[in-house]
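In: how does the following fold in three dimensions:
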Amino acid sequence: MTLLLVIAVAVGFYKAWNIGANDVANGMGTVVGAGTLTLRQAIVLASVFEFLGAFLVGSHVTETIKGGIIPMASFAGDARVFGLGMLSVALASAIWLNIATLMSRPVSVTQATIGGIIGFALVSTVGGPHCVQWSRLGAIAVSWVVSPLAGAAAAYIVYRCVVRWVLQSRHPVYMAKMAVPLGYAATFSILFLSATYKGLAKLDLGLPLYQCLAVTLPVAAVIYLAARWIIHIRTLRERVRLKDRYQVVEQWFGWLQVMTACYMSFAHGANDVASAIGPLAGSMHAFSGQPLSSHASVSPWLMAFGGAGIVIGLATMGYKVIATVGRKITEITPTRGFSAEFATASTVLVCSKLGLPISTTFVMVGAIVGVGFARGIAALDMRVVRQILSSWVVTMPISAILSAGLYWTLMSIPW
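Out: From the prediction side, this is the model:
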């Protein structure tokens with residue numbers, strides 16, 4: 001069992017490395033694509049906020065059976081089968097993430113993990129097709145279709161409002177002086193509600209919506225007034241040349257974009273890292289002789305270990321997916337990047353409240369497509385969009401096949 005524990009830890013680091021290289025890179029793609037931050041600055045910021053989110057406010061109880069796809073009762077009393085199965089799930093999803101990253105394709109860790117669990121369950125001697133909750137899987141699959149469409153619609157509306165009321169106005173700088181403070185207030189409201197209301201695991205206050213709004217709205221009003229005052233003071237003695245007016249507007253929206261991107265990295269570390277290493281935690285519990293449970297506690301050192309792996313993966317391979325998300329789908333500017341990120345944060349908040357198991361990756365890519373569509377279909381590189389969609393379609397079957405093959409291999413070894 002000691003050897004299996006060592007292997008589980010190594011697989012966990014490998015998966016965390018691939019999460020950083022693929023999943024985390026999504027949040028910073030638009031910031032780099034818009035030129036608001038350099039690639040190095042984005043990697044440093046994402047690394048810091050991702051690690052802080054995972055270690056400080058990350059959930060230390062993780063679902064080992066992702067999304068309730070198979071019941072834990074199917075593996076009662078057979079810890080070895082469960083441990084090897086969860087190890088095969090973690091390794092299979094990590095291998096697919098690695099392949100997708102090498103192809104510069106943004107994919108969903110959750111989708112790969114669920115695919116791996118299905119593959120393991122189908123070939124397990126104590127599982128089989130009857131143990132898979134197909135109705136639950138169908139509901140999750142529907143949410144994967146709805147979430148990118150919702151993100152695209154929200155981003156389309158936000159960007160069209162920015163274009164209509166700011167960029168195409170007779171006085172863009174003057175209109176931006178009112179719009180940007182409003183953007184700060186709205187962004188704060190979404191981020192605060194995301195953190196305290198159906199949001200970050202340890203910061204969810206459990207309060208009804210009206211009580212959260214009672215705190216959020218007055219503070220948002222103060223932020224709006226403060227932002228207007230700061231912009232007024234800083235531009236009081238500045239005369240913006242006509243040819244520089246759009247550059248000034250984009251610069252102001254760029255700071256909003258950085259704020260939203262940092263939150264998304266922090267939230268990903270807090271909410272998704274523990275879930276991503278859930279199969280690893282489950283296998284370690286099984287190999288250490290602890291009772292089987294659909295929820296496994298994750299020790300702080302394992303959270304730090306996973307956070308470190310994510311940071312290293314982002315720093316070494318994250319540039320590939322960042323380039324795809326930020327530059328290849330459509331041309332990104334700070335106003336477009338802000339629209340996509342604000343729409344993503346809003347969509348994730350609403351879907352979390354509705355209890356929909358969505359993928360942030362799907363929402364973000366959908367939002368970027370929505371921003372591009374707002375400029376016309378010609379603004380989108382449809383070849384890249386088709387490549388991303390095809391990688392989403394094959395993620396579950398490939399992860400399932402890899403997991404099944406790895407499980408057969410691991411079971412054939414006399415541990």
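In: rest of the way, CA atoms for contacts and neighbours
Out: OK.
In: pretty sure residue 47 contacts residue 318?
Out: No - taking contacts as CA atoms under 8 Å, residue 47 lies outside contact range of residue 318: 10.7 Å.
In: which of those two has more neighbours?
Out: Between residue 47 and residue 318, counting by other CA atoms under 10 Å, residue 318 is the more crowded of the two (30 against 27).
In: distance of the more buried one relative to residue 54?
Out: Distance, residue 318 to residue 54, using CA to CA, to the nearest Å: 18 Å.
In: what does residue 27 give?
Out: Per CA to CA, residue 27 is found 15 Å from residue 54.
In: and residue 317, by the same measure?
Out: Distance of residue 317 to residue 54, given as CA to CA: 20 Å.
In: and those two? Which one has more around it.
Out: The neighbour comparison of residue 317 against residue 54 (other CA under 10 Å) goes to residue 54, with 29 against 20.
In: where do the helices of the stretch 151-300 of the chain begin and end?
Out: Using DSSP state H, counting those that start in this stretch, the helices assigned to the stretch 151-300 of the chain run over residues 172-196, 209-235, 245-276, 278-287, 300-323.
In: deepest of the ones you listed, which one?
Out: Mean neighbour count, computed with mean count of other CA atoms under 10 Å, is highest for helix 278-287 among the helices of the stretch 151-300 of the chain, reaching a mean of 27.
In: which strands and helices lie in contact with that helix?
Out: Packing contacts for helix 278-287, counted by 3 or more CA pairs under 8 Å, 6 or more residues apart in numbering; DSSP states H and E, involve helix 2-22, strand 61-63, helix 79-102, strand 295-297.
In: could you check the angle the longest one makes with helix 278-287?
Out: When you say that, I think you mean helix 79-102. With axes from the mean of the first three to the mean of the last three CA atoms, to 10 degrees as the basis, helix 79-102 and helix 278-287 are set at 150 degrees to each other.
In: centre of the chain to helix 79-102, how far?
Out: With CA atoms, centre = their mean, to the nearest Å as the basis, helix 79-102 stands 19 Å off its chain's centre.
In: got the angle between that helix and helix 300-323?
Out: Going by the same axes, to 10 degrees, helix 79-102 makes 30 degrees with helix 300-323.
In: buried ones in helix 79-102, by neighbour count?
Out: 79-98, 100-101 (16 or more other CA atoms under 10 Å).
In: export only the CA atoms of the helix or strand just after that helix, formatted as CSV.
Out: Note on helix 79-102: by DSSP states H and E, the next helix or strand toward the C-terminus is helix 109-123. Extracted in CSV, the C-alpha atoms of helix 109-123 (Å, rounded to 0.1, in the frame of the first residue of the first chain):
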residue,chain,number,x,y,z
VAL,A,109,-11.3,19.2,-15.9
THR,A,110,-14.8,18.3,-14.6
GLN,A,111,-15.8,16.8,-17.9
ALA,A,112,-12.6,14.7,-18.1
THR,A,113,-13.0,13.5,-14.5
ILE,A,114,-16.6,12.4,-15.1
GLY,A,115,-15.6,10.6,-18.3
GLY,A,116,-12.9,8.8,-16.4
ILE,A,117,-15.4,7.8,-13.6
ILE,A,118,-17.8,6.4,-16.2
GLY,A,119,-15.1,4.4,-17.9
PHE,A,120,-13.9,2.9,-14.5
ALA,A,121,-17.5,2.1,-13.5
LEU,A,122,-18.4,0.3,-16.7
VAL,A,123,-15.5,-2.2,-16.5
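In: what's the helix or strand residue 394 falls within packed up against?
Out: In this assignment (DSSP H and E), residue 394 forms part of helix 382-412. With contacts taken as 3+ CA pairs under 8 Å, 6+ apart, helix 382-412 sits against helix 79-102, helix 109-123.
In: now the longest one: mean pLDDT?
Out: Here the mean pLDDT over helix 79-102 is 91, rounded to a whole number.
In: now the angle from it to helix 382-412?
Out: Inter-element angle recorded for helix 79-102 and helix 382-412: 150 degrees (by the same axes, to 10 degrees).
In: compute the inter-axis angle for helix 79-102 and helix 245-276.
Out: Orientation of helix 79-102 against helix 245-276 (the same axes, to 10 degrees) gives an angle of 160 degrees.
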